[in-house]
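> please work out how this folds:
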Amino acid sequence: MNVDLNGLDAFVRVAQSRSFRKAAAGMGVSPSALSHAIGKLEHDLGVRLLNRTTRSVSPSPAGAQLLARLQPALADVAAALDELNEERSAPRGRLRLNVPRAAAQLVLAPVLARWREHCPDVALEIAANDAVVDIVEQGFDAGMRFGELLQQDMVAVPVGPDIRFAVCASPDYLKRHGAPSTPQELAAHECLQVRFPSGALFKWEFRHGGQPLSVATSGSLAMDDLPGLLQAALDGAGLCYTYEAYAAPWVAQGRLVYVMQEWMPPAERMFLYYPSGRHMSAALRALVDFLKG
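Purely as a prediction, here's the structure:
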């Protein structure tokens, strides 16, 4: 059987991204060319690999079986090519990261220009979303999370600045409802809710006397977008639990006020993590060293 390896690579990319358009953009080809390549692969193999509808693409049972066998093999090929890259004078290639939106804004965005100067031959692709994903299954080289969300089989390196949290509200809201002085008083307040991609609501985290405390707050507004909730707080809709860096400019202008600062948990750092059993590419090693510095 004569099978085109480029067709296999195209199949894996489409199956992982569940989109011809996204896979084509990542490969620098047109969606129609990609569809033609996979159609030829299916013809050569004599089996349907992808189920296609007008709205979605997913592996067929045969495609899922093939994908499970191909992913480690292609990972080995990628590792071999990365080893060749290490023989070059500078890191190069593509590096894919999956990070929370806050990490993209607070950790990565401030240093991207310097990174570009540091490693101009590395194409950095950042997927910013707050869902906890399997970076190996989704084809990412590394991810970024807080420490408590990391899997045990990952190498984790602390990166970026200290990150603090804050509870804040507008002066108008506090004038109308008063300022809570303890987490127990939050029950009498309108608390703006953070909703995770899983559907769960974030429990507000505090610390007092060295002991952690999680509080399930209530409110009439829930959103998966922290800047949106912060805007609601600016408009007087309620109390907002957010990153201190998000609130600080508005606090400096007097449009927001911090409350319960003595109850806030200590500063944390994000961790850049990657699989412990996989060969570390020169590009990823360069990024780890850059962010640690």
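> can you tell me the SS state at Pro158?
Following DSSP: H, G, I helix; E, B strand; the rest coil, Pro158 is assigned to strand.
> I'd say Arg255 and Leu234 touch.
Yes: contact criterion Cβ atoms under 8 Å: Arg255 and Leu234 qualify, at 5.8 Å. All C-beta atoms are positioned from the backbone trio N, CA, C, and that covers glycine.
> quick one: which of the two has more around it?
Between Arg255 and Leu234, Leu234 has the larger neighbour count (other Cβ atoms under 10 Å), namely 19 against 16.
> circling back: between Arg255 and Leu234, what contacts are shared?
Counting by Cβ atoms under 8 Å, 6 or more residues apart in numbering, the residues touching both Arg255 and Leu234 are Ser170.
> how near is Ser34 to Val57?
No Ser there; residue 34 is Leu. Distance, Leu34 to Val57, using Cβ to Cβ, to the nearest Å: 11 Å.
> need the overlap of contacts for those two.
14, 20.
> where do the strands sit along the stretch 1-150 of the chain?
50-52, 57-59, 93-99, 122-128, 142-145 (DSSP state E, counting those that start in this stretch).
> list the buried residues of the third one.
Using 16 or more other Cβ atoms under 10 Å as the test for burial, strand 93-99 gives 93, 95-99.
> helices or strands up against the lowest-mean-pLDDT helix or strand in the chain?
Sorting the helices and strands of the chain by mean pLDDT, DSSP states H and E puts helix 61-86 at the bottom, at a mean of 76. Helix 61-86 is packed against helix 5-17, strand 93-99, helix 282-292, with contacts defined by 3 or more Cβ pairs under 8 Å, 6 or more residues apart in numbering; DSSP states H and E.
> let me know the angle separating it from helix 282-292.
Between helix 61-86 and helix 282-292, the angle comes out at 70 degrees (axes from the mean of the first three to the mean of the last three Cα atoms, to 10 degrees).
> what's the angle from helix 61-86 to helix 5-17?
In terms of direction (the same axes, to 10 degrees), helix 61-86 departs from helix 5-17 by 110 degrees.
> what angle do helix 61-86 and strand 93-99 make?
120 degrees.
> which ones are touching Phe146?
Taking Cβ under 8 Å, 6+ apart, one finds 268, 270-271 in contact with Phe146.
> gap between it and Val99?
From Phe146 to Val99 the distance is 11 Å (Cβ to Cβ).
> where does pLDDT dip in the stretch 51-200 of the chain?
For the stretch 51-200 of the chain, the stretches with pLDDT under 70 are 81-90, 148-149, 151.
> find the nearest non-adjacent residue to the spatially most central residue of the chain, please.
Centroid-nearest residue in the chain: Val99, 2.3 Å away (criterion: Cα atoms, centre = their mean). Among residues not flanking Val99 along the chain, Met144 sits closest, at 4.0 Å (Cβ to Cβ, 6 or more residues apart in numbering).
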